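Student: let me see the structure of the following:
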Amino acid sequence: MNDQSKRVNDDLAAYWMPFTPNKDFKANPRMLESADGLYYKTSDGREVIDGSSGLWCCALGHNHPKVVEAIREQAGVLDYSTAFAFGHKGAFELANMLKATMPGSLDHFFFTNSGSESVDTALKIALGYHRLRGEGQRTRLIGRVGGYHGVGFGGISVGGMVNNRKFFGSLLPGVDHLPFPYDPNTMSMSRGQPEGGAHLADELENIIGLHDPSTIAAVIVEPAAGSCGVYIPPKGYLERLREITKKHGILLIFDEVITAFGRLGYASAAERFGIEPDLITTAKAINNGAVPMGAVAVQKEIYDTFMDETKAGVELFHGYTYSAHPLAVAAAIATQKAYVEEGVYENVRALEGYFEDMVHDLAEAETVTDARNLGFMSALTFAHKDSTPMKRAGEIFQRSYENGLKVRMSGDHIAIAPPLNISKSDIDKIGEIMRKTINEVG
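Tutor: A predicted model of the protein is given here:
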């Protein structure tokens with residue numbers, strides 16, 4: 001019997017699903033029919049709490065009336081406008097709104113359609129900036145082991161998740177990686193930022209010494225890592241990275257595709273940690289995930305270099321057909337207004353302690369080996385079952401869905417990252433379902 005004859009649900013076969021075991025899913029699909037507020041509704045009529053904010057992006061929950069109405073209205077006025085040599089007023093309005101949310105001089109924005117595109121855009125801006133300044137030899141990029149920076153060739157090159165890299169050849173040349181900033185012996189079960197670990201950033205000096213600082217263009221890190229299982233930076237670690245990069249004239253890029261726009265209770269993790277990088281990549285919650293969109297926040301000095309050093313014509317030969325798409329922009333403007341009008345960031349700051357307690361109460365189960373959290377992002381790490389990696393976490397993922405809660409699985413980790421406008425009673429519901437699920441799976 002060949003693999004083809006084993007496959008079922010042939011009507012699902014045409015869609016090659018991303019980051020999904022396709023054969024397993026199509027044999028036992030989890031189909032979502034609609035969504036509203038905190039809940040999805042499944043094809044079998046059940047309500048499921050969205051405990052992962054879609055994919056970290058639905059910060060206001062689903063079907064938010066202000067966002068829905070903005071998209072509807074925009075679709076009837078201007079459905080598409082090219083961003084190449086033309087503009088529409090919404091794009092400029094949104095850029096000015098975002099300017100007010102970013103720290104320091106991060107006051108220019110290049111619009112993209114995803115986090116992956118934001119990362120590749122930021123890397124290209126960094127390389128172009130150095131060339132315009134007469135330092136074209138700065139071509140080396142430094143990422144981090146365990147880092148996730150999307151799935152473009154630039155992003156997987158600086159990224160450090162093995163399965164995202166190993167199938168695709170040698171990737172970009174001239175890339176190095178910092179070690180993962182986590183010691184399970186001293187940092188496990190941390191509430192918020194772990195104590196002690198700033199010294200892990202000093203490995204950057206060793207990498208710089210190996211390659212010569214004049215060859216390095218940028219360092220890119222997630223200020224708080226999400227996709228690899230939610231890891232929070234040790235106290236002083238990001239500060240040390242900023243200090244080292246400044247000393248050597250290297251740009252520091254914060255990948256905030258997950259953390260920007262409220263996940264940590266502020267418009268950016270940069271604001272929460274009190275650090276001003278040179279570029280910030282964003283996407284996901286910029287417009288509540290309603291229409292694909294991303295943006296790169298750029299320091300004024302970098303933008304001005306492109307404007308001043310390019311004497312005529314196009315300053316940056318880069319962009320996308322759907323950059324600043326009118327529907328995406330309308331959704332983003334409505335979303336950004338809702339964050340302010342509804343006190344969404346304040347809600348995260350007010351309830352993050354309550355959320356933290358829920359997560360660490362769950363971590364008291366014997367099968368949980370670690371728990372990590374900050375703001376409204378968290379993860380539990382589960383012990384192997386029958387000596388098989390990911391088996392217990394996989395069963396937790398499936399059983400929680402059956403019990404009415406959608407979570408995110410990454411290896412042996414289960415991430416819980418609910419919409420940012422939830423209440424204490426919603427947190428209680430999430431905790432109850434997770435506790436029930438952990439007990440059932442054993």
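
Student: where does the prediction get shaky in the protein?
Tutor: Applying pLDDT under 70 to the chain flags residues 1-8.

Student: at the geometric centre of it, which residue do we find?
Tutor: A centroid search over the chain (CA atoms, centre = their mean) returns Ile258, at 2.4 Å, as the residue closest to the centre.

Student: give me every residue that touches that residue.
Tutor: When contacts are counted by CB atoms under 8 Å, 6 or more residues apart in numbering, Ile258 touches Trp56, Glu222, Ala224, Gly226, Ser227, Lys284, Met377. Yep, even glycine has a C-beta here, placed from its N, CA and C like the rest.

Student: make it 7 Å
Tutor: Going by CB atoms under 7 Å, 6 or more residues apart in numbering, Ile258 touches Trp56, Gly226, Lys284.

Student: out of those residues, which sit inside strands?
Tutor: Assigned to strands by DSSP state E, none of the contacts of Ile258 qualify.

Student: could you look up the SS state of Ala35?
Tutor: With DSSP: H, G, I helix; E, B strand; the rest coil as the basis, Ala35 sits in strand.

Student: what about it, how many residues nearby?
Tutor: 17 (other CB atoms under 10 Å).

Student: so it bridges to which residues?
Tutor: Tyr40 (DSSP bridges).

Student: where's it relative to Gly431, distance?
Tutor: 22 Å (CB to CB, to the nearest Å).

Student: and Val329, which helix or strand is it part of?
Tutor: helix 326-341 (DSSP states H and E).

Student: now do that helix: which elements does it pack against?
Tutor: Judged by 3 or more CB pairs under 7 Å, 6 or more residues apart in numbering; DSSP states H and E, helix 326-341 is in contact with helix 65-75, helix 89-99.

Student: neighbouring contacts of it?
Tutor: Under CB under 7 Å, 6+ apart, the answer for helix 326-341 is 60, 64, 66-67, 70-71, 74-75, 78-81, 88, 90-91, 93-94, 97, 261-262, 286-288, 290-293, 344-345.

Student: find the nearest non-adjacent residue to Tyr182, please.
Tutor: Tyr231 (5.2 Å; CB to CB, 6 or more residues apart in numbering).

Student: that neighbour bridge partners, please.
Tutor: Applying DSSP bridges, one finds that Tyr231 bridges with Ala225.

Student: any idea how far Ala198 is from it?
Tutor: Taken as CB to CB, the span from Tyr231 to Ala198 is 15 Å.

Student: could you do Tyr40 as well?
Tutor: In terms of CB to CB, Tyr40 sits 41 Å off from Ala198.

Student: out of those two, which sits in the busier spot?
Tutor: Tyr40 (22 against 17).

Student: residue contacts, the more buried one?
Tutor: Leu32, Val48, Asp50, Lys406.

Student: tell me which element Asp176 falls in.
Tutor: strand 175-178.

Student: what packs against the helix or strand just after that strand?
Tutor: Where DSSP H and E defines the elements, the next helix or strand beyond strand 175-178 is helix 184-187. Helices and strands touching helix 184-187, as assessed by 3+ CB pairs under 7 Å, 6+ apart, are absent.

Student: mind listing what's buried in helix 184-187?
Tutor: Neighbour counts over helix 184-187 (16 or more other CB atoms under 10 Å) mark Met187 as buried.

Student: check what contacts it and list those residues.
Tutor: Pro194, Gly196, Gly197, Pro234, Asp370.

Student: and the furthest pair within the residues you listed?
Tutor: Largest separation among the contacts of helix 184-187 by CB to CB: Gly196 and Asp370, giving 16.4 Å.

Student: and stretch 430-442, C-alpha only, in CSV?
Tutor: Extracted in CSV, the C-alpha atoms of stretch 430-442 (Å, rounded to 0.1, in the frame of the first residue of the first chain):
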residue,chain,number,x,y,z
ILE,A,430,-8.1,29.2,30.4
GLY,A,431,-6.6,27.9,33.6
GLU,A,432,-9.4,25.5,34.3
ILE,A,433,-9.3,23.9,30.9
MET,A,434,-5.5,23.6,30.9
ARG,A,435,-5.6,22.0,34.4
LYS,A,436,-8.3,19.5,33.3
THR,A,437,-6.3,18.7,30.1
ILE,A,438,-3.0,18.2,31.9
ASN,A,439,-4.7,15.9,34.4
GLU,A,440,-6.4,13.9,31.6
VAL,A,441,-3.2,13.4,29.5
GLY,A,442,-1.2,12.5,32.6
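
Student: please state the offset of stretch 432-442 from the chain centre?
Tutor: 27 Å (CA atoms, centre = their mean, to the nearest Å).

Student: buried residues in that stretch?
Tutor: In stretch 432-442, counting by 16+ other CB under 10 Å, buried: Ile433, Met434, Thr437, Ile438, Val441.

Student: also stretch 132-144?
Tutor: Neighbour-count burial for stretch 132-144 [16+ other CB under 10 Å]: Leu132, Arg138, Thr139, Arg140, Leu141, Ile142, Gly143, Arg144.

Student: just give the nearest non-adjacent residue to Val158, would you?
Tutor: Distances taken as CB to CB, 6+ apart place Gly143 nearest to Val158, at 3.3 Å, with adjacent residues excluded.

Student: beta partners of that neighbour?
Tutor: Bridge pairing for Gly143 - DSSP bridges - gives His177.

Student: coming back round to it: can you list the helices and strands packed on helix 326-341 in TSV and add mean neighbour count?
Tutor: Converted to TSV, those look like this (neighbours: other CB atoms under 10 Å):
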stretch	mean neighbour count
helix 65-75	16
helix 89-99	17
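
Student: closest to Glu402 out of those?
Tutor: helix 65-75 (29.4 Å).

Student: counting contacts, what elements does that closest one pack onto?
Tutor: Using 3+ CB pairs under 7 Å, 6+ apart, helix 65-75 is in contact with helix 326-341.

Student: which SSE is immediately downstream of the helix it packs on?
Tutor: helix 344-362.

Student: what's next to that following helix, contact-wise?
Tutor: By CB under 7 Å, 6+ apart, helix 344-362 touches 59-60, 191, 262, 265-267, 338-339, 368, 371, 373, 375-376, 378, 380, 416, 420-421, 424, 427, 430-431, 434-435, 438.

Student: pull out the buried members of the residues you listed.
Tutor: So, by 16+ other CB under 10 Å, the buried ones in the contacts of helix 344-362 are 59-60, 262, 265-267, 338-339, 368, 371, 373, 375-376, 378, 380, 416, 420-421, 427, 430-431, 434, 438.

Student: what about the closest residue to Ser105 other than its chain neighbours, how many neighbours?
Tutor: Distances taken as CB to CB, 6+ apart put Lys300 closest to Ser105, at 4.3 Å, once the chain neighbours are dropped. For Lys300, the count of nearby residues is 13 (other CB under 10 Å).
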